[in-house]
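In: Quick one, structure for this:
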Amino acid sequence: MKKIRARELGIPFEGKTGKHNAITDVEGITVGYSTIIEGASARTGVTIIHPRGAKDNTPVYAGVHSFNGNGEMTGAAWIEEGGLLEGPIGITNTHSVGIVRDTIIAWQIKNNALYQPWSCPVVAETADGWLNDLNSFYVKDHHVFEALDSAKGGAIDEGNVGGGTGMLCYEFKGGTGTSSRKLPKALGGWTVGALVQSNFGRRFQLTIAGVPIGNYIKNDAPMTSGENPFKQDDGSLIVVIATDAPLLPHQLKRVAKRVTLGMARTGALGGNGSGDIFLAFSTANPQADRGDAMGVTNIQTLDNEHLDPILSSTVYVTEEAIINSMVMAEDMVGHKGISSKSLPHDKVKEILKQYNRM
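Out: Below is the predicted model of the structure:
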């Protein structure tokens, strides 16, 4: 049976999407996965994003924001300092950050893709220890190479794929999700895309299209039994925002901050135990890191008065990508026989209709 996405389910979202409603609607971006589902306990994987495709190692301007830093994103210090992202982005589980980082460097060396003699790859994580045996280190270098080499543009898979394979979201099955917005020409015609790895939230918080869905679906909620435990959620959310709008690093940091609002629109409040770290980059200005003989570059950028459509689009793509990660996920049984149920589509539609949202 063909899987359907949130919009196909009838969930209303603001804004017009790009062709594929995916981060790959930003020209040049490719995404690759390695999904590891083996035996009773391996439920994990790797996601790779090539900002300009695998064959173009030209850096991109970037900015990062840590909403809650109980997690990891390697390479963030150099982005904060230098404003540039060099090479592929990796997303995986908490205990596999090291091997993904090291293998990205090995891949860069093998493919003569180092932009300079050293590399500080960006690799982010969320913890899939509910369904996956984190301590068995299932992610190997060949999985990372698979994700790097298989990356493609166009429509991409969502749900139980790549780094999102073993993740939960609002105590339903979560994982990998994506979305995009295409602005009208009057607002610049720019594209904004998001890719998320969702592993956060408690059932009572879940909000879809403004409706408190989690209050109506309390069964199969393994952490809270669907009730409010009067504590914030544990878990994590990694979001990568991409745009073709010409933005400088300080503007991209502002963009990354807006991811927090998209997360909040799905109901999350942000807990002490959650690693919510966001990255935004722009594919414009390919000459940014290489000037003329005197080191001078010619850079284009939007002025701040024209930034609002990008900021609001970031909120919208984050929200929809998170919901897509749940709508596209499927039931999973994993480590120690623990199971996670997917979001029940028919029940969601029924509740949304009660609130006149469908």
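In: Please count neighbours and contacts with C-alpha atoms only from this point.
Out: OK.
In: Show me what the helix or strand residue 45 falls within is packed against.
Out: Secondary structure from DSSP states H and E places residue 45 in strand 42-50. In terms of contacts (3 or more C-alpha pairs under 8 Å, 6 or more residues apart in numbering; DSSP states H and E), strand 42-50 is packed against strand 30-38, strand 89-93, helix 141-150.
In: The shortest one: partners in the sheet, and parallel or antiparallel?
Out: The one in question is strand 89-93. strand 42-50 (antiparallel), strand 122-126 (parallel) (DSSP bridges).
In: Can you check which of these gets nearest to residue 70?
Out: strand 122-126 (9.7 Å; C-alpha to C-alpha).
In: How much space separates residue 272 from residue 70?
Out: 7 Å (C-alpha to C-alpha, to the nearest Å).
In: Please say which of those two ends up with more neighbours.
Out: Neighbour count, other C-alpha atoms under 10 Å: between residue 272 and residue 70, residue 70 has more, with 17 against 13.
In: that older thread, need the strands paired with strand 89-93 in JSON lines with mean pLDDT, mean neighbour count and distance to residue 248, can you?
Out: Formatted as JSON lines, those follow (pLDDT from 0 to 100; neighbours: other C-alpha atoms under 10 Å; distance: least, C-alpha to C-alpha, whole Å):
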{"stretch": "strand 42-50", "mean pLDDT": "98", "mean neighbour count": "28", "distance to residue 248": "19"}
{"stretch": "strand 122-126", "mean pLDDT": "98", "mean neighbour count": "29", "distance to residue 248": "19"}
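In: quick revisit: and of the helices and strands packed on strand 42-50, who's closest to residue 345?
Out: It is, among these and with distance given as C-alpha to C-alpha, strand 30-38, at 24.1 Å.
In: Helices along the stretch 151-300 of the chain, start to end?
Out: Listed in chain order, the helices of the stretch 151-300 of the chain (DSSP state H, counting those that start in this stretch) span 249-265.
In: My error: substitute the stretch 1-150 of the chain in the last question.
Out: Per DSSP H, counting those that start in this stretch, the stretch 1-150 of the chain carries helices over the ranges 6-9, 76-82, 97-110, 141-150.
In: The strands paired with strand 89-93 into JSON lines, with extra columns for distance to residue 295?
Out: Formatted as JSON lines, those follow (distance: least, C-alpha to C-alpha, whole Å):
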{"stretch": "strand 42-50", "distance to residue 295": "27"}
{"stretch": "strand 122-126", "distance to residue 295": "26"}
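In: mind checking which of these is nearest residue 2?
Out: strand 42-50 (22.1 Å).
In: now the helices and strands packed on strand 42-50 as CSV including mean pLDDT?
Out: Converted to CSV, those look like this (pLDDT from 0 to 100):
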stretch, mean pLDDT
strand 30-38, 98
strand 89-93, 98
helix 141-150, 98
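In: and the nearest residue to residue 135 once chain neighbours are set aside, what is it in contact with?
Out: Excluding its sequence neighbours, the residue lying closest to residue 135 (C-alpha to C-alpha, 6 or more residues apart in numbering) is residue 95, at 7.2 Å. Applying C-alpha atoms under 8 Å, 6 or more residues apart in numbering, we find residue 95 in contact with 127, 134, 135, 137.
In: Can you say which of these are buried?
Out: Buried members of the contacts of residue 95, counted by 16 or more other C-alpha atoms under 10 Å: 127, 134.
In: Sort out which one of the contacts of residue 95 lies nearest residue 352 for me.
Out: Among the contacts of residue 95, and counting by C-alpha to C-alpha, the member closest to residue 352 is residue 127, at 30.8 Å.
In: Find me the pLDDT at the most centrally placed residue in the chain, would you?
Out: What sits nearest the mean C-alpha location of the chain, by C-alpha atoms, centre = their mean, is residue 196, with 1.8 Å. We have a pLDDT of 99 for residue 196.
In: and the gap between the residue nearest to it when sequence neighbours are not counted and residue 2?
Out: Of all residues not flanking residue 196 in the chain, residue 239 sits nearest, at 4.4 Å (C-alpha to C-alpha, 6+ apart). Here residue 239 is placed at a distance of 26 Å from residue 2 (C-alpha to C-alpha).
In: Who has more neighbours out of those two?
Out: residue 239 (27 against 4).
In: hmm, back to that, for residue 27, find the nearest of the strands paired with strand 89-93.
Out: It is, among these and with distance given as C-alpha to C-alpha, strand 42-50, at 11.2 Å.
In: That closest one versus helix 141-150: what angle between them?
Out: 40 degrees (axes from the mean of the first three to the mean of the last three C-alpha atoms, to 10 degrees).
In: starting at the chain centroid, how far to strand 42-50?
Out: 11 Å (C-alpha atoms, centre = their mean, to the nearest Å).
In: So what touches that strand?
Out: 29-37, 87-93, 100, 128, 131-133, 138-139, 143-144, 147-148, 151, 161-166, 334-335.
In: do the same with stretch 223-238
Out: Counting by C-alpha under 8 Å, 6+ apart, 70-71, 124-127, 171, 196-204, 214-215, 217-220, 268-278 sit against stretch 223-238.
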